[in-house]
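> Got a predicted structure here, sequence first:
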Amino acid sequence: MRYGPITAIDKTGREILLRNAEPDDADALLRYLKTTAAETPFLVREPEEITLSVEAERQFLENKIAAERELMLVAFADGEHVGNCSFMEVGSAMRYRHRCSVGIALYRAFWGRGIGRIMLETVLSAARDAGYEQAELEAVADNHTAIALYEKLGFRQYGTFPDNMKYKDGTCADGIWMMKKL
């Protein structure tokens with residue numbers, strides 16, 4: 001779906017531009033995925049697991065734009081890509097059409113500036129406008145900063161998945177399932 005563009009101001013006073021991720025962003029988004037996966041243990045994939053071709057990423061982005069009820073936004077500060085946020089349907093069955101799944105990631109250098117909150121508020125508003133009644137996400141239990149943000153935005157914890165992720169060093173992290181009524 002198409003949304004925006006919109007602008008907001010982060011905690012440091014910098015203007016943040018949110019706009020649709022476009023097919024021309026494919027190469028930059030693949031670099032971003034690999035970098036953010038290496039910067040934090042809180043994302044699902046290891047950097048080497050990101051193997052999409054630029055053309056496959058372009059097609060993925062075209063599909064997001066064409067979808068009636070899915071959205072991927074990219075955020076920029078002073079023309080620099082800083083992160084993205086999205087929602088997508090949980091399932092196409094009628095009994096699931098009220099639910100969407102939300103995802104977000106930022107380059108580490110931009111954590112703590114309120115950009116995540118700006119992105120999430122925008123995506124949650126767009127999800128409500130798209131007809132969703134419930135937004136869901138999964139967080140790593142050790143990601144206390146993100147969980148605090150989600151709770152400030154109205155998400156509640158609904159369950160824990162023990163040993164949800166297993167890292168290369170053999171350690172595991174629990175997952176927290178969270179949901180917000182829109």
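Structure's in. What do you need? Just so we're clear, the structure is a prediction, and the values are computed from it rather than from any experiment.
> Surely P47 is in contact with A37?
Yes. Between P47 and A37 there is a contact at 4.5 Å, judged by C-beta atoms under 8 Å. In short, each C-beta sits where N, CA and C put it, glycine included.
> neighbouring contacts of stretch 32-41?
43, 45-47, 49-50, 81, 83-84, 105-108, 140, 142, 165, 167, 173 (C-beta atoms under 8 Å, 6 or more residues apart in numbering).
> Can you tell me the element M88 falls in?
strand 80-89 (DSSP states H and E).
> Direction included, what does that strand pair against?
strand 71-77 (antiparallel), strand 99-106 (antiparallel) (DSSP bridges).
> can you tell me which of those comes nearest to F161?
Between F161 and these, the shortest separation by C-beta to C-beta is 14.8 Å, and it involves strand 99-106.
> what is the rounded mean pLDDT of that closest one?
In this model, strand 99-106 has an average pLDDT of 97.
> And P47 and A37? Which one has more around it.
Set P47 next to A37 and count neighbours by other C-beta atoms under 10 Å: A37 wins out with 19 against 13.
> Quick check, pLDDT for that one.
So A37 comes in at 95 (pLDDT).
> which stretch of helix or strand covers it?
helix 26-39.
> these two touch, right, D25 and V74?
Yes. Counting by C-beta under 8 Å, D25 does reach V74; the two are 6.2 Å apart.
> Common neighbours of those two, please.
In contact with both D25 and V74: H81, using C-beta under 8 Å, 6+ apart.
> So for these two, which sits in the more crowded spot?
V74 (23 against 19).
> Need the pLDDT of that one.
So V74 comes in at 97 (pLDDT).
> Do I have it right that it meets A26?
No. When contacts are counted by C-beta under 8 Å, V74 is not listed as touching A26 (11.3 Å).
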